[in-house]
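Q: Provided below for reference: sequence and predicted model.
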Amino acid sequence: MRSTQRIGCLLCFILILFPGCSKPVPSQSEFILGTVCSVSLYDRGRQSVYREIFDRLREIESMMSANIENSDLGRINRASGIEAVAVHSDTITVLKRAVHFAELSDGAFDPSIGPLVKLWGIGSDAERVPAEHEIARVLPLVNWKDIVIDETASTVFLKQPGMGLDLGAIAKGYAADEAVRIVRAAGIKRALIDLGGNILVYGAKRDHSPWRVGIQNPLEGRGAYFGIAEVENKTLVTSGVYERFFESDGKRYHHILSTRDGYPVDQGLLSVTIIGQSSIDADALSTTLFALGYEKGSILLESLDNTEVIFVFADLSVRGTSGAFEHFTLTDDDFKIMGGF
Ligand code: ADP
Ligand code: MG
């Protein structure tokens, strides 16, 4: 009896001293924002924080998915050419950032790509190669300059009827930043957020060694990697031909579309990986640089701080900023590093 009491007290003591270690909660995953979102909280990881993070991710989806009828995007798109629509401040924040990248890339990245994305239907049951006249009909609707954002009134108006927003290239980055904000506020020191390949590592590992994060191999499905980056407090985001695509008559059609000709972007690249601080920016930028291509993309990069990039070309040569290769190990010798800049 007495010894049981003593063990009870000892357990109590351990629980109070190490509340986070007492009940380790394993990683959790849910399907949100069109992808598998996985979160691993270490040390003080607890169920309530997981719940808060996944609730927030679902909230972001419910505001920013173009496929949910009553999301902010659904309502903005239905009112295109008719009237301004009141939306959440989160939607304004993300849309403003998207427009910033549209401006930087002279429209290669464009959040008003909605009608073109719908026409191709890549990743949906309706995927198909559209006829040229269909592409010609929707291309004039893709124009970020016709997006009117009124921050004070918290409204968005699309000037042309038939226009449509799509935040698929940036919303997951915002969601990853939001997840880490919750992690930080909960006093958790180390976490790994992976929103369908939008990766964010927070803190250092327990032994103070950096995290080892695989860089997506663009020839294979998600999760396969061709090299490993050692990082701390960084986000890693890849855009490429592997993520969503379909094949027709032996030709592959992937999901990043050219705002110039309306077809999947072909800049001789298989993927672009960004290693940076802000996941919303890294997400927008990986799509932007993929769409711009190596030459224009590298010029754009010169104006950005704290941003490393790895370009993978169709012949499996790899180029990037010298900083990106400082803590990088190639693990697949089909790929060749041609140097940093
Ligand atoms: P993933 O969604 O695989 O992480 P990206 O972040 O590169 O990849 O986003 C691709 C998505 O962005 C597409 O599925 C589509 O919804 C949208 N999109 C496609 N082309 C463009 C473009 N030129 N500018 C902005 N968004 C785009
Ligand atoms: Mg992106």
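A: Thanks, I have it. What you see is a predicted model, and the numbers here were worked out from it, not measured in a lab. Ligands and ions are numbered 1, 2, ... in the order given.

Q: Please work out how many residues are found near the residue lying closest to Asn143 once chain neighbours are set aside.
A: With sequence-adjacent residues excluded and distances taken as C-beta to C-beta, 6 or more residues apart in numbering, Asn143 is closest to Ser112, at 6.0 Å. Placement of C-beta: from N, CA and C, glycine included. A count of nearby residues for Ser112, using other C-beta atoms under 10 Å, gives 28.

Q: from memory Ser112 sits against Lys159, does it?
A: No - distance between Ser112 and Lys159: 9.8 Å, which falls outside the contact criterion (C-beta atoms under 8 Å).

Q: Quickly list what's touching both of these two.
A: Asp146, Ile147 (C-beta atoms under 8 Å, 6 or more residues apart in numbering).

Q: show me the contacts for whichever residue of the chain sits closest to ligand 1.
A: Proximity of the chain to ligand 1 (C-beta to the nearest ligand atom) peaks at Gly168, 2.7 Å away. Contact partners of Gly168, counting by C-beta under 8 Å, 6+ apart, are Gly34, Ala66, Val117.

Q: Then Val201?
A: Counting by C-beta under 8 Å, 6+ apart, Val201 makes contact with Ala191, Leu192, Ile193, Trp211, Val213, Val231, Glu232, Asn233, Lys234, Thr235, Leu236.

Q: Let me have those in a markdown table, extended by distance to Glu52.
A: Below are the contacts of Val201 laid out as a markdown table (distance: C-beta to C-beta, whole Å):
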| residue | distance to Glu52 |
| --- | --- |
| Ala191 | 13 |
| Leu192 | 17 |
| Ile193 | 13 |
| Trp211 | 23 |
| Val213 | 24 |
| Val231 | 25 |
| Glu232 | 24 |
| Asn233 | 21 |
| Lys234 | 23 |
| Thr235 | 20 |
| Leu236 | 24 |
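
Q: between these, which is nearest Ser298?
A: Leu236 (18.8 Å; C-beta to C-beta).

Q: For ligand 2, see how far away the closest one is.
A: Separation of Leu236 from ligand 2 (C-beta to the ion, to the nearest Å): 12 Å.
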